[in-house]
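Structure, please.
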Amino acid sequence: MSVLNPLAREVSAKIVYYGPGLSGKTSSLQFIYGSLKPTHRGEMVSLETEGDRTLFFDFLPIHVERPGGFDLRLQLYTVPGQVFYGATRQLVLAGADGVIFVADSQREARERNLESLVDLKENLAKEGRDLRSVPFVLQYNKRDLPDVMTVAQLDSELNDVQAPSFETNASAGTGVVESLKKVVGLVNKSVAGHVGVPKAPRSETGRRMAIDPEGVWGKESQDDGMAGQVKSALSSEPLQARMQRATDRVLGGAASGSTSGREGQTIVAPAESPMSFSALFRDGTQVLEVERDIARGNFAEAVHRAASQVSELLEGLLGPNDPEGYATRALLLGLDGQEYLELRRLAGRPPSLITQNDALFSLYLLVGARIKQMRAPR
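Sure thing, here's the model as predicted:
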């Protein structure tokens, strides 16, 4: 569900693209991402699942200016369509504020569409929700191909809740933005009711920035509400900046010789002392060992040790033989996807290229993972 941060004046909402494999979910998200100005988008993370061309999950943070002075951070996700990734779909769908169901219009895809829709309903039911209680839009994709079902046929089979539907060609982007625009408008009403954010009065002109190629991407529109208000400077903090901020938090300014860590500068490694993050845990041996490696200048060893410990922690969530990958487990635990991927990338670098900042970032992520593990429901 949406998360309100009153200090940051921000509301985070989650929209999930659901549907059978190869229906066009990934293409839809890629078109949206590619159409946005670079300053309007954060990094898109994608992980491919074995045996499925659909992305394992990807998300696109989009900051949208909300009525009442709040910013809405939209997070767009896709789910893998293959049947055996059921746990992943359930996990990604959890807490969704809106759903876009991408159906394949081809007649041969009829059964796959129906199975995926049933899967969606079952996963929502596990949360005590249904399609009538969630902002829901359908995309009838691949309308450019031969031998497709009519819209009336698709509505009859898939749209028993009479949700808004759109004919789309995700590869070309036709109708993709319009469907997103509609679900955002529905999410606006839902989120505003949940968090109690008052609607802002209309300006004298009543004009708003719209989520469409002529709004988010540069031109104003008459659309009202959240669907008609998109911030002109949509951007999420780059991962590199977040990494630097993380290392600064690890140091906490306690090291007398520390610097900001900008290019050309270094951060002095913390000396071994009784002060340690390991004190946060009943058994803080893992964290303490990483801290000691950093203090001794063994930065590569610190990264490898931290990555190994995080992997062991994630393996314990679903079991070593579960088909779901570690990235799913990281999401399940609540780790930031981009930061987890960065830790994996750092662990694969040659030891001579691993820096002190890399080691500090790894320590930060290990500590965070341990804390989240402690707070996770049993």
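
in stretch 308-317, what counts as buried?
309-311, 313-314, 317 (16 or more other Cβ atoms under 10 Å). Where you see a C-beta, it was placed from the backbone N, CA and C, and this is true even at glycine.

Return the helix or strand in the protein with minimum mean pLDDT.
The helix or strand of the chain with the lowest confidence, counting by mean pLDDT, DSSP states H and E, is strand 208-209 at a mean of 34.

Break this structure down into its domains, please.
Listed domain ranges for the chain are 3-228, 239-375 (source: automatic domain parsing).

model confidence over the shortest one, on average?
Taken as a whole, domain 239-375 has a mean pLDDT of 74.

And stretch 88-101, by the same measure?
Rounded mean pLDDT across stretch 88-101 is 89.

swap in stretch 149-168?
97.

Tell me the buried residues in it?
Judged by neighbour count (16+ other Cβ under 10 Å), stretch 149-168 contains these buried residues: 149, 151, 154-155, 158-159, 163, 165-168.

quick one: which of those is nearest N188?
A163 (15.9 Å; Cβ to Cβ).

Tell me if the closest one really is in a helix.
No - checked against DSSP: H, G, I helix; E, B strand; the rest coil, A163 lies outside a helix; its state is coil.

which residues does it contact?
Shown in contact with A163 (Cβ atoms under 8 Å, 6 or more residues apart in numbering): 131, 136-138.

What is the end-to-end distance of stretch 131-146?
Stretch 131-146 has an end-to-end distance of 30 Å (criterion: Cα to Cα, to the nearest Å).

and which of the buried residues of stretch 149-168 is nearest to S23?
Of all these, the one sitting nearest S23 is T168; the distance, using Cβ to Cβ, is 10.3 Å.

I'd assumed T174 was in contact with the closest one.
Yes - using Cβ atoms under 8 Å, T168 is in contact with T174, at 5.8 Å.

anything in contact with each of those two?
R143.

Now the spatially closest residue to L186 that is not a sequence neighbour: phi and psi?
Computed as Cβ to Cβ, 6 or more residues apart in numbering, the closest residue to L186 that is not its neighbour in sequence is P135, at 3.4 Å. Phi and psi for P135, reported as degrees, to the nearest 10, are phi -50, psi 120.

which residues does P135 contact?
97-99, 183, 186-187, 189-190.

ditto for L114
Contacts of L114 (Cβ under 8 Å, 6+ apart): 157-158.

same question, the one 5 residues further on
If a contact means Cβ under 8 Å, 6+ apart, then D119 has 86, 89 as its contacts.

Please enumerate the strands of the chain.
Applying DSSP state E to the chain gives strands spanning 3-5, 10-18, 45-49, 52-65, 71-78, 98-104, 136-141, 165-167, 208-209, 220-221.

Quick one, which of the contacts of P135 are buried?
Buried by 16+ other Cβ under 10 Å: 97-99, 183, 186-187, 190, out of these.

on that earlier part again, neighbour-wise, give me the winner out of the contacts of A163.
The most neighbours of any of the contacts of A163, using other Cβ atoms under 10 Å, belong to L138, which has 29 neighbours.

In CSV: the contacts of P135, plus distance to L124.
Formatted as CSV, the contacts of P135 follow (distance: Cβ to Cβ, whole Å):
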residue, distance to L124
D97, 12
G98, 12
V99, 8
V183, 15
L186, 15
V187, 15
K189, 19
S190, 14
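
just curious, which of those residues is nearest to I15?
Among these, G98 lies closest to I15 (Cβ to Cβ), at 4.3 Å.

hang on, isn't that closest one packed against I15?
Yes - with contact defined as Cβ under 8 Å, G98 reaches I15; the gap is 4.3 Å.

which neighbours do these two share?
Taking Cβ under 8 Å, 6+ apart as the contact rule, G98 and I15 both touch 183-184, 187.
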